[in-house]
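Asker: What follows is a predicted structure for the sequence shown.
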Amino acid sequence: MKRNWIFIAIAAFSLMSGCTLSETAEDSASRLSHTVMQEEQTVTGTVTYVVDGDTFDVKLSNGEEERVRMTLVDTPETKHPRLGVQPFGQEAAAYTKEKLSNKEVLLELDVQERDQYGRLLAYVWLQDELVNEKLINKGLARMAVFPPNTKYVDRFTAVQQKAQQEGNGIWSIENYVTDRGYNSEAAEKRPAARESDCQIKGNISSSGEKIYHVPGGQSYEQTKPEQIFCTREEAERAGFRAAKR
């Protein structure tokens with residue numbers, strides 16, 4: 001009788017602790033490991049088509065095709081039926097297209113996997129580069145926070161503040177960026193650049209590389225320009241890159 005009571009006590013303790021008598025510590029660890037893996041979901045695939053600056057199609061490694069919307073960023077519109085093409089929308093789309101077309105990417109998911117349109121929400125990694133972050137850094141996207149997908153909010157906030165201080169891209173137009181998107185009317189009111197404001201020198205090296213130099217740069221004074229640009233964005237649209245010094 002005493003042995004029966006001992007067996008009953010052990011069984012009761014096992015039930016209270018959430019384990020069965022047949023489950024070992026190794027089984028419990030395996031179950032926990034599986035849970036952790038589910039919490040950090042990533043999938044790989046190849047980009048097949050770029051819709052605009054923050055949206056593209058990808059063929060996953062399992063053969064399925066998905067439309068992906070980059071998490072925590074919003075680029076200006078290029079194909080909106082009412083808003084049309086917004087300033088820096090084409091630049092953002094061109095950047096994403098050049099960066100991702102036919103490239104294999106790693107898609108990192110957050111808490112909410114899809115948006116209301118069924119698109120996969122993801123942080124997009126190209127090797128060690130986080131493309132969402134690059135768009136913000138270049139002034140081609142603003143942060144758009146929709147909880148619960150907030151994993152990189154602090155990191156992106158710091159990058160956006162720097163882009164804003166430097167007046168990159170979308171931040172070069174006063175009152176253009178809003179909490180809800182972009183104010184196209186503010187863009188229409190910006191003054192046109194005067195010819196005297198156009199001081200960026202575009203030079204083509206002997207190897208055919210297109211490089212632009214801004215006032216104050218190490219090689220600016222001695223550079224003989226093939227083209228003159230009013231803004232960095234204009235130079236980059238023409239295929240020039242910034243001088244390293």
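Answerer: All right, it came through fine.

Asker: Tell me the first helix or strand C-terminal of the worst-scoring helix or strand of the chain on mean pLDDT.
Answerer: The weakest-scoring helix or strand in the chain, judged by mean pLDDT, DSSP states H and E, is helix 25-39 (a mean of 38). Later in the chain than helix 25-39, the nearest helix or strand by DSSP states H and E is strand 42-52.

Asker: buried sites along the next helix or strand after that following strand?
Answerer: Elements were assigned by DSSP H and E; along the chain past strand 42-52, the next helix or strand is strand 55-60. Within strand 55-60, the residues scored as buried using 16 or more other CB atoms under 10 Å are 55-58. (C-beta placed from N, C-alpha, C; glycine too.)

Asker: Dump the following helix or strand past strand 55-60 to PDB, keeping only the CA atoms.
Answerer: Scanning forward in sequence from strand 55-60 by DSSP H and E, the next helix or strand is strand 65-70. What follows is strand 65-70, C-alpha atoms only, in PDB (Å, rounded to 0.1, in the frame of the first residue of the first chain):
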ATOM      1  CA  GLU A  65       5.900  32.800 -55.000                       C
ATOM      2  CA  GLU A  66       5.100  35.600 -52.700                       C
ATOM      3  CA  ARG A  67       4.700  39.400 -52.800                       C
ATOM      4  CA  VAL A  68       6.800  41.000 -50.100                       C
ATOM      5  CA  ARG A  69       6.200  44.300 -48.400                       C
ATOM      6  CA  MET A  70       9.200  45.600 -46.500                       C
END
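
Asker: is the nearest residue to residue 48 once chain neighbours are set aside in a bridge, and if so with what?
Answerer: Leaving aside its sequence neighbours, residue 48 sits nearest to residue 57 (CB to CB, 6 or more residues apart in numbering; 5.0 Å). For residue 57, the beta-bridge partners under DSSP bridges are residue 49, residue 67.

Asker: Could you pull up the contacting residues of residue 57?
Answerer: 47-51, 65-68 (CB atoms under 8 Å, 6 or more residues apart in numbering).

Asker: looking at those residues, which has the most residues close by?
Answerer: Of all the contacts of residue 57, the highest neighbour tally under other CB atoms under 10 Å goes to residue 68, namely 23 neighbours.

Asker: Sounds good, over and out.
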